[in-house]
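**Student:** Structure for the following, please:
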Amino acid sequence: MKYILAISKKELAGYFNSPVAYIVISVFLLLSGWLFFQQFFLAGQVSMRALFSLTPMLLIFFAPAITMRLISEERKAGTLELLVTLPLTNANIIIGKFLAAVVLLSVAILLTIPYTITVSTLGSLDWGPVIGSYIGLILLGASYLSVGLFCSSVSRNQIVAFIVGLALCFGIFLLDKTLPFLPNFMASFVQYLSVDYHYNNIARGVIDTRGLVYYGSFISMFLMFAVFALDNEKLK
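**Tutor:** Modelled structure (predicted):
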């Protein structure tokens, strides 16, 4: 565990000692705030629904942007070879970098809470779905981060890692949008595989254990893929 925390601290320092974290957080807040308040004033209702329906689409872009450098940059700089020879397991490296990315994205998401407080002063706000939506956004964001980290682990180029991660996240996001075109026997299975479907369930304010199991399994699967990619790197 100490190795994982050490890697996480190193990555977080790398984020916050450079403009990366501040640019990501600022752009995320500006875009989410602009999109939300534009819809909020048009609807004229005391509701956070616009924010929580638009933010998942923003995460499709921001998650790969956060993770694209995590392994690709190490490989390009030649420091990945040094990392894999240290008394660390590849799982330590992947989990440590993943946790740092989750912290950064969670900070960006939670900094939208002032939007929620502002709206709550204008009328009665149902806090159950609000809390559920924030939990759902962090789980959804962590899922996209695991995909982005995997893409970074198999690429030597940050831009390629970003584009492939973006494409995969977008494809996963669209899964439940294909349900009307699928036969009935496939619809329920594809629906369960959709990250957006489970996010919408949690966003209602009821924490469903099926959703937690799904996100845990999804994240674990892509982190394992990333570990296997590093294992292959060590064998070369």
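
**Student:** got the contact list for Met57?
**Tutor:** Met57 makes contact with Phe173, according to Cβ atoms under 8 Å, 6 or more residues apart in numbering. Backbone N, C-alpha and C define where each C-beta goes, glycine included.

**Student:** what secondary structure does it sit in?
**Tutor:** For Met57, the reduced secondary structure class is helix; criterion used: DSSP: H, G, I helix; E, B strand; the rest coil.

**Student:** Would you mind measuring from it to Leu111?
**Tutor:** Distance, Met57 to Leu111, by Cβ to Cβ, to the nearest Å: 18 Å.

**Student:** Residue nearest the middle of this structure, spatially speaking?
**Tutor:** Gly141 (2.2 Å; Cα atoms, centre = their mean).

**Student:** Name the helix or strand for it, please.
**Tutor:** For Gly141, the host element (DSSP states H and E) is helix 127-153.

**Student:** Flag every buried residue along the helix or strand following that helix.
**Tutor:** Stepping forward along the backbone from helix 127-153, the first helix or strand reached (DSSP H and E) is helix 158-173. By 16 or more other Cβ atoms under 10 Å, the buried positions in helix 158-173 come out as 158, 161-162, 164-166, 168-169, 172-173.

**Student:** ok so, going back, ok now the helix holding Gly141, how far from the chain's centre?
**Tutor:** Per Cα atoms, centre = their mean, to the nearest Å, the displacement of helix 127-153 from the mean C-alpha position of its chain is 4 Å.

**Student:** Can you tell me which helix or strand of the protein has the lowest average pLDDT?
**Tutor:** helix 80-85 (a mean of 60; mean pLDDT, DSSP states H and E).

**Student:** show me the residues around Tyr214 that make contact.
**Tutor:** Contacts of Tyr214 by Cβ under 8 Å, 6+ apart are 192, 198.

**Student:** Average pLDDT for the helix or strand that contains it, rounded please.
**Tutor:** Take DSSP H and E as the rule and Tyr214 turns out to sit in helix 209-235. Here the mean pLDDT over helix 209-235 is 86, rounded to a whole number.

**Student:** roughly how far is it from the heart of the chain?
**Tutor:** Put simply, helix 209-235 sits 14 Å off its chain's centre (Cα atoms, centre = their mean).

**Student:** Please identify the buried residues of that helix?
**Tutor:** Neighbour-count burial for helix 209-235, with 16+ other Cβ under 10 Å as criterion, is recorded at 211, 214-215, 218-219, 222-223, 225-227, 229-230, 233.

**Student:** doesn't Arg69 make contact with Gly148?
**Tutor:** No. Using Cβ atoms under 8 Å, Gly148 makes no contact with Arg69, being 10.1 Å away.

**Student:** For those two, list the residues in contact with both.
**Tutor:** Taking Cβ under 8 Å, 6+ apart as the contact criterion, the residues that touch both Gly148 and Arg69 are Ala161.

**Student:** More neighbours: which of the two?
**Tutor:** Set side by side, Gly148 and Arg69 show more neighbours around Gly148, with 29 against 19, by other Cβ atoms under 10 Å.

**Student:** How much space separates the closest residue to that one other than its chain neighbours from Ala13?
**Tutor:** Leaving aside its chain neighbours, Gly148 sits nearest to Thr67 (3.4 Å; criterion: Cβ to Cβ, 6 or more residues apart in numbering). Remark: distance between Thr67 and Ala13 (Cβ to Cβ) = 17 Å.

**Student:** nearest spatial neighbour of Ile7, skipping sequence neighbours?
**Tutor:** In space, not counting the residues next to it along the chain, Ile7 is nearest to Gly96; the distance is 2.7 Å by Cβ to Cβ, 6+ apart.

**Student:** Please disregard the earlier target; I meant Leu51.
**Tutor:** Counting by Cβ to Cβ, 6+ apart, Phe36 is the residue found nearest to Leu51 once chain neighbours are left out, at 4.2 Å.
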